[in-house]
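> Generate coordinates for the sequence data below:
(one chain, ligands or ions: 1)
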Amino acid sequence: MILVMDFGGQYNQLIARRVRENNVYCEVHAATNFDKVRELKPEGIILTGGPQSVYATDSSLPPAELFKLGVPILGICYGAQAMAYVLGGTVKPARVSEYGKTDVEVVGASRLLNGVEKKSVAWMSHTDRIFDVPAGFAVTAASRDCPIAAMEDTTRNFYAVQFHPEVVHTVEGKKIFSNFVDICGCARDWKMSSFVADTVARLKAKISGGKVLCALSGGVDSSVAAALLSKAVGKNLTCVFVDHGLLRKDEASQVAEVFSGFDLNFIKVDAGERFLNKLRGVVEPERKRKIIGEEFIRVFEEVSKQIGAVDYLVQGTIYPDVIESGLGKAAVIKSHHNVGGLPDFVDFKEIVEPLRMLFKDEVRQAGRELGLPEQIVNRQPFPGPGLGIRIIGEVTAEKVALVQDADAIYREEVARAGVDKDLAQYFAALTNMRSVGVMGDGRTYDYAIALRAVLTSDFMTAEAAQIPWDVLSRAANRIVNEVKGVNRVLYDCTSKPPATIEFE
Ligand code: XMP
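Sure thing, here's the model as predicted:
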């Protein structure tokens, strides 16, 4: 396995994923957790990027001991600078900070960059840079403003890149990870089936005779989590599906129908009114998220009391939920439901999140391994707080109905045109904006619906999809004609970053 030591960069779990794509198991741990290195005995170590500067008094640095283990090490961005600094090189603020796609050139023989095109584009994001390499290192790549964009010491097997090979914009990124895996001598025999088998075994050992409650939303994540738990503890698992009234049109009944066919203790709770009451008058997105997250937990607590003693609560939290809620030193973007949204007091022994380290497409793969139907495995993601974060401003029953109807029409038209298979996520949101329109001979002053569709595989970055115009215009026509209270339809052309996929 390869161990990723996390210095707090936004995209650090992507590094683990790039390693796993090479069929090598990989885990991410806090950079300060040196015990993990001793415990896991990795075949290779990756030091990640992060927002710190090696010279700051409170910055985390890899211990010198790490470089005496005889294990290949790859430093990325801050990790590269930290490696240079600890081994005796110099790091200083760069005259020109680089951000974004940058031309990089291979400037010498390199094991890490073996087979990489001499000139290619890499993703840079730094203000410091390496000025002098430590003894034993050779410079292997350069950009215009960063003459030491990569360095290596092949005798000790230390490698460093200033750019981010984990980000898709680094054209040769995959090749670089593949080379590092070879340098580490990893066997490349890890598969998703190993993840499933290991996780089931681990859950079985951990939970043994305990009672488990699973929060099932009908989405891919919680369904895969439920299937894993059902394999591990069988009838000790109860799955609770909370209809918080913020689901897509007809979704609650569909989910109930699908899961009634499963070998689970399935309970559906109708809590729509309860959520709406809590959300009355609330407009601030983070507060809405926290309220919905907290109310969810309260409902679960109540149901679990009816079931009897419950030891564990299972949640289908996946990695992008974790990172965007702020892990380690990364900045908080949104409090994702059931992560940052958790209240302080939770009436369970422990929360189990078996998918916490996986990306969405990895979760789908695990779902297939577990034999879940394609209908569930391929379902587009739907956020825990549901339409609550697709209605900008206050949530009311009328607005929920409005966005449900508009969304159902949009999805129907996209699916009818066969475009849905190419899209990672697409939905309608209700802007809090009303504007003037004309219908028949009368003036209207109604809401604008925003349609969104994105292309992405990791959901950390996304591009706005180019939906064919005829599909958009058919959906728009139907929405203004069929959904009372809407007189305008807008299409969201923004990518992530700088926008996010959801509106709140
Ligand atoms: P954003 O809006 O952060 O969304 O770009 C990225 C992906 O995460 C989903 N999302 C959530 N999923 N709980 C979830 O389970 C949440 O609180 C949440 N917020 C956003 C979103 O639908 C997209 O797929």
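> For this protein, give me the ranges with low pLDDT.
261, 322-347 (pLDDT under 70).
> what residue is smack in the middle of the protein?
What sits nearest the mean C-alpha location of the chain, by Cα atoms, centre = their mean, is Pro320, with 1.7 Å.
> that's a strand at it, yeah?
No: under DSSP: H, G, I helix; E, B strand; the rest coil, Pro320 sits outside any strand and is assigned helix.
> ok, and the closest non-adjacent residue to it?
Nearest residue to Pro320 in three dimensions, chain neighbours excluded: Phe459, at 4.9 Å (Cβ to Cβ, 6 or more residues apart in numbering). Glycine gets a C-beta too; all of them are placed from N, C-alpha and C.
> in which helix or strand would I find that neighbour?
Counting by DSSP states H and E, no helix or strand carries Phe459.
> show me what contacts it?
Counting by Cβ atoms under 8 Å, 6 or more residues apart in numbering, Phe459 makes contact with Pro320, Phe359, Lys360, Pro381, Ala424, Gln425, Ile501.
> these two touch, right, the third one and Thr317?
No: using Cβ atoms under 8 Å as the test, Lys360 is too far from Thr317 to be in contact (11.9 Å).
> between these two, what contacts are shared?
Joint contacts of Lys360 and Thr317 (Cβ under 8 Å, 6+ apart) are Asp221.
> of the two, who's got more company?
Thr317 (26 against 22; other Cβ atoms under 10 Å).
> So that one is in contact with Met357, correct?
No: using Cβ under 8 Å as the test, Thr317 is too far from Met357 to be in contact (10.0 Å).
> does Asp103 count as helix, strand or coil?
Secondary structure of Asp103, per three-state DSSP, is strand.
> That one: neighbour count?
13.
> Next up, the contacts around it.
Counting by Cβ under 8 Å, 6+ apart, Asp103 makes contact with Lys119, Ser120, Val121, Ser143, Arg144.
> Filter the residues you listed down to the buried ones, PyMOL style.
In PyMOL, a selection of the buried entries from these looks like this (16 or more other Cβ atoms under 10 Å):
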select buried, resi 120+121+143
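> Quick check: the two most widely separated of the contacts of Asp103?
Maximum pairwise distance among those (Cβ to Cβ): 13.9 Å, between Ser120 and Arg144.
> tell me which residues of the biggest helix by length in the chain are tucked away?
Once the chain is assigned using DSSP state H, the helix that runs over the most residues is helix 285-307. Buried residues in helix 285-307, counted by 16+ other Cβ under 10 Å: 285, 288-297, 299-301, 303-304.
> Output that helix as PDB - backbone C-alpha positions only.
Extracted in PDB, the C-alpha atoms of helix 285-307 (Å, rounded to 0.1, in the frame of the first residue of the first chain):
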ATOM      1  CA  PRO A 285     -27.700  28.400   3.500                       C
ATOM      2  CA  GLU A 286     -25.400  27.100   6.200                       C
ATOM      3  CA  ARG A 287     -28.200  27.300   8.800                       C
ATOM      4  CA  LYS A 288     -30.600  25.500   6.500                       C
ATOM      5  CA  ARG A 289     -28.000  22.700   6.100                       C
ATOM      6  CA  LYS A 290     -27.400  22.500   9.800                       C
ATOM      7  CA  ILE A 291     -31.100  22.400  10.600                       C
ATOM      8  CA  ILE A 292     -31.900  19.700   8.100                       C
ATOM      9  CA  GLY A 293     -28.800  17.700   9.300                       C
ATOM     10  CA  GLU A 294     -29.800  18.000  12.900                       C
ATOM     11  CA  GLU A 295     -33.500  17.200  12.400                       C
ATOM     12  CA  PHE A 296     -32.400  14.100  10.500                       C
ATOM     13  CA  ILE A 297     -30.400  12.900  13.400                       C
ATOM     14  CA  ARG A 298     -33.300  13.600  15.800                       C
ATOM     15  CA  VAL A 299     -35.700  11.600  13.700                       C
ATOM     16  CA  PHE A 300     -33.200   8.700  13.700                       C
ATOM     17  CA  GLU A 301     -32.800   8.900  17.400                       C
ATOM     18  CA  GLU A 302     -36.600   8.700  17.900                       C
ATOM     19  CA  VAL A 303     -36.900   5.700  15.500                       C
ATOM     20  CA  SER A 304     -34.000   3.900  17.100                       C
ATOM     21  CA  LYS A 305     -35.600   4.300  20.500                       C
ATOM     22  CA  GLN A 306     -38.700   2.600  19.100                       C
ATOM     23  CA  ILE A 307     -36.600  -0.200  17.700                       C
END
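> Does it pack against any helices or strands, and if so which?
Counting contacts by 3 or more Cβ pairs under 8 Å, 6 or more residues apart in numbering; DSSP states H and E, helix 285-307 is packed against strand 212-215, strand 237-243, strand 265-270, helix 272-279.
> I'd like those as a markdown table, with mean neighbour count and distance to the ligand appended.
Formatted as a markdown table, the helices and strands packed on helix 285-307 follow (neighbours: other Cβ atoms under 10 Å; distance: least, Cβ to the nearest ligand atom, whole Å):
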| stretch | mean neighbour count | distance to the ligand |
| --- | --- | --- |
| strand 212-215 | 24 | 10 |
| strand 237-243 | 22 | 13 |
| strand 265-270 | 16 | 18 |
| helix 272-279 | 17 | 14 |
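> Please tabulate these in JSON lines and include distance to Gly308 as additional columns.
Formatted as JSON lines, the helices and strands packed on helix 285-307 follow (distance: least, Cβ to Cβ, whole Å):
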{"stretch": "strand 212-215", "distance to Gly308": "10"}
{"stretch": "strand 237-243", "distance to Gly308": "10"}
{"stretch": "strand 265-270", "distance to Gly308": "12"}
{"stretch": "helix 272-279", "distance to Gly308": "23"}
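> follow-up on the earlier one: apply the buried test to the contacts of Phe459 and list what passes.
Among the contacts of Phe459, the ones that count as buried by 16+ other Cβ under 10 Å are Pro320, Phe359, Lys360, Pro381, Ala424, Gln425, Ile501.
> Show me the subset of these that also lies near the ligand.
Pro320, Pro381, Gln425, Ile501 (Cβ under 6 Å from any ligand atom).
> Dihedrals phi and psi, Ile45?
Note on Ile45: its backbone torsions stand at phi -130, psi 140 [degrees, to the nearest 10].
> Show me the beta-bridge partners of it.
Bridge pairing for Ile45 (DSSP bridges) gives the partners Leu3, Ile73.
> That one: what's it in contact with?
Counted by Cβ under 8 Å, 6+ apart, Ile45 has contacts Ile2, Leu3, Val4, Met5, Val37, Leu66, Leu69, Val71, Pro72, Ile73, Leu74.
> One more pass at 10 Å, please.
2-5, 37, 62, 66-67, 69, 71-75, 79, 158, 184 (Cβ atoms under 10 Å, 6 or more residues apart in numbering).
> Kindly report the same for Ala428.
Residues near Ala428 by Cβ under 10 Å, 6+ apart: 248, 387, 390, 402-411, 449-452, 475, 479, 483, 486, 489.
> Strands - which of those residues land there?
If you go by DSSP state E, the contacts of Ala428 have Ile449, Ala450, Leu451, Arg452, Val486, Val489 in strands.
> Burial check on the closest residue in space to Pro285 that isn't next to it in sequence, number of neighbours?
Leaving out its chain neighbours, the residue that sits closest to Pro285 by Cβ to Cβ, 6+ apart is Glu504, at 3.6 Å. Number of residues near Glu504 (other Cβ under 10 Å) recorded here: 19.
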